[in-house]
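Student: sequence and predicted structure are below.
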Amino acid sequence: MRVGIITYHSTRNCGAVLQSYALSKVVSDLGCECEIIDYKCENIEKAYEIKKIYELRSIKEFIKWVLLVHTQKKSQKKFDKFKKENLKLSQIYNKDNIADANKDFDAFITGSDQVWNFNLNGVDENYILKFASDDKIKLSYAASLGYKTIPQNYAPIFKDNLKRFNDISVREVEGINCLKELGYNSNLVLDPTLLLKKEDYLKFVDANNKGEYIFVYTVASTPNIYKKALELSKKTGYPVIWAHMSYMNKKGVKNVKNPSCIEFLTLLNNAKYVLTSSFHGMALSIVLNKEFFYDLSVKPNNHNSRLTTLASTLSLTEREIKENKELNISEKIDYKKVETLLNEKRRESIDFLTKGLGK
């Protein structure tokens, strides 16, 4: 069986690329011929494109461009290299020719990541498999909506397209509730990055890059996580390495801008402690058995359900960073207990794919 996955793989975001890699590996391990559909969504492409100098419209944009353009170009090359070496991509598709994919695949999977957040992709219905013909198997795997309630103007789009699906799974409890309001039952499954084992990621880690440090990984920074990182550094004596996508440097820490997947996994794996506001920062901390803490104070907080669902599923809610509470580093994570819970959810999640693909 030939399976095509449509997701957000074409970005400079470690989580997006690694979840693409993980899902395609799992589907391939089930005995399918799997490719990631190299689909170019205009909104997603624009969000990560490096602007030309003549496109800048303000002094602030120019300053930001000067500070970021070199690291972005360098980062893009590293992401392109990782994708070329580790992602099996189809031919390139866009809105005009995506229907041609029906000639090459027997089944389509949409997910993971926020493929059903139409605010991100510009209401691109191809992520809800509108292009797929009726005779094809259609599944969602760990699709994320990014809403607490589906906006009224999007509800008809979901209703019209989901009725054609063979089975539906989502990543967050809120997603289950949203779809239930539309009359659809769905399954709660793990993000693809959690389906792989520690050894699957260690092959990407630079074993020579060792040290004692606190690793902070944020997509959107908060004063809370910055304060806690400096407090923990003072308490332990460990320096802080901060990986982020901002053009502004953080004071008192080593800044790593736009880290590649290899850099991210290496810094994460070799850290003594991890502080993160990123879902995939949290997910991969768990797979790599790190002592981590997660922050929910990011604004807007519509992404927090990702972290709270995962923390609740694996009994890790005590690792949340609280503004007026010191980080408790004396209480270690019981990874034996976590692995038991995680393996149970892994079986359920892989069973969803196995049954959906008829394997």
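Tutor: That came through, no problem.
Student: tell me the contacts of residue 71?
Tutor: 257, 258 (Cβ atoms under 8 Å, 6 or more residues apart in numbering). The C-beta positions use only the backbone N, C-alpha and C, and glycine is treated the same way.
Student: so it sits in a helix?
Tutor: Yes: counting by DSSP: H, G, I helix; E, B strand; the rest coil, residue 71 is located in a helix.
Student: pLDDT score assigned to it?
Tutor: Listed pLDDT for residue 71 reads 75.
Student: residue 1 reaches residue 354, doesn't it?
Tutor: No: if you go by Cβ atoms under 8 Å, residue 1 and residue 354 don't touch, sitting 11.8 Å apart.
Student: and for residue 74, nearest residue in space, chain neighbours not counted?
Tutor: Nearest residue to residue 74, sequence neighbours excluded (Cβ to Cβ, 6 or more residues apart in numbering): residue 258, at 7.7 Å.
Student: wait, doesn't the one you found sit right on residue 72?
Tutor: Yes: look at residue 258 against residue 72 with Cβ under 8 Å: they come within range, at 6.1 Å.
Student: who touches both of the two?
Tutor: residue 12.
Student: so where do the strands sit in the protein?
Tutor: 2-6, 33-39, 89-93, 107-110, 137-140, 169-170, 187-188, 214-217, 240-244, 254-257, 273-276, 292-294 (DSSP state E).
Student: which strands and helices lie in contact with the last one?
Tutor: Identification of packing neighbours for strand 292-294 by 3 or more Cβ pairs under 8 Å, 6 or more residues apart in numbering; DSSP states H and E yields strand 273-276, helix 279-287.
Student: format these as JSON lines; extra columns: distance to residue 101, mean pLDDT and mean neighbour count.
Tutor: Below are the helices and strands packed on strand 292-294 laid out as JSON lines (distance: least, Cβ to Cβ, whole Å; pLDDT from 0 to 100; neighbours: other Cβ atoms under 10 Å):
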{"stretch": "strand 273-276", "distance to residue 101": "35", "mean pLDDT": "98", "mean neighbour count": "24"}
{"stretch": "helix 279-287", "distance to residue 101": "27", "mean pLDDT": "97", "mean neighbour count": "25"}
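Student: residue 13: which of the ones you listed is closest?
Tutor: Closest to residue 13 of these, according to Cβ to Cβ: helix 279-287, at 8.4 Å.
Student: from the chain's centre, how far out does the closest one sit?
Tutor: Relative to the chain's own centre, helix 279-287 is displaced by 9 Å; criterion: Cα atoms, centre = their mean, to the nearest Å.
Student: what's the answer for stretch 251-266, then?
Tutor: 17 Å.
Student: please apply the same query to stretch 156-164.
Tutor: Worked out by Cα atoms, centre = their mean, stretch 156-164 lies 24 Å from the chain centre.
Student: helices of the stretch 101-250 of the chain, residue ranges please.
Tutor: Here the stretch 101-250 of the chain has its helices, by DSSP state H, counting those that start in this stretch, at 118-121, 155-162, 173-181, 198-202, 223-236.
Student: what would those look like in TSV with distance to residue 100 and mean pLDDT?
Tutor: Below are these laid out as TSV (distance: least, Cβ to Cβ, whole Å; pLDDT from 0 to 100):
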stretch	distance to residue 100	mean pLDDT
helix 118-121	20	92
helix 155-162	19	96
helix 173-181	29	94
helix 198-202	32	97
helix 223-236	45	94
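Student: export those helices as CSV, with columns for distance to residue 304 and mean neighbour count.
Tutor: Output for these, formatted as CSV (distance: least, Cβ to Cβ, whole Å; neighbours: other Cβ atoms under 10 Å):
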stretch, distance to residue 304, mean neighbour count
helix 118-121, 16, 19
helix 155-162, 22, 15
helix 173-181, 10, 18
helix 198-202, 25, 14
helix 223-236, 13, 17
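Student: which residues touch residue 161?
Tutor: 125, 128, 129, 130.
Student: narrow these to those that are buried.
Tutor: By neighbour count, with 16 or more other Cβ atoms under 10 Å, the contacts of residue 161 hold 128, 129 as buried.
Student: for the contacts of residue 161, work out which two are farthest apart.
Tutor: Among the contacts of residue 161, 125 and 129 lie farthest apart (Cβ to Cβ), at 8.3 Å.
Student: for burial, what's the neighbour tally of residue 183?
Tutor: As a burial measure, residue 183 scores 9 neighbours (other Cβ atoms under 10 Å).
Student: now do it against residue 150, distance only.
Tutor: 12 Å (Cβ to Cβ, to the nearest Å).
Student: for residue 281, which non-adjacent residue is spatially closest?
Tutor: Nearest residue to residue 281 in three dimensions, chain neighbours excluded: residue 217, at 4.0 Å (Cβ to Cβ, 6+ apart).
Student: pLDDT at that neighbour, what is it?
Tutor: 95.
Student: kindly report the same for the one 5 residues further on.
Tutor: Looking at residue 222, its pLDDT stands at 75.
Student: no further queries at this time; thank you.
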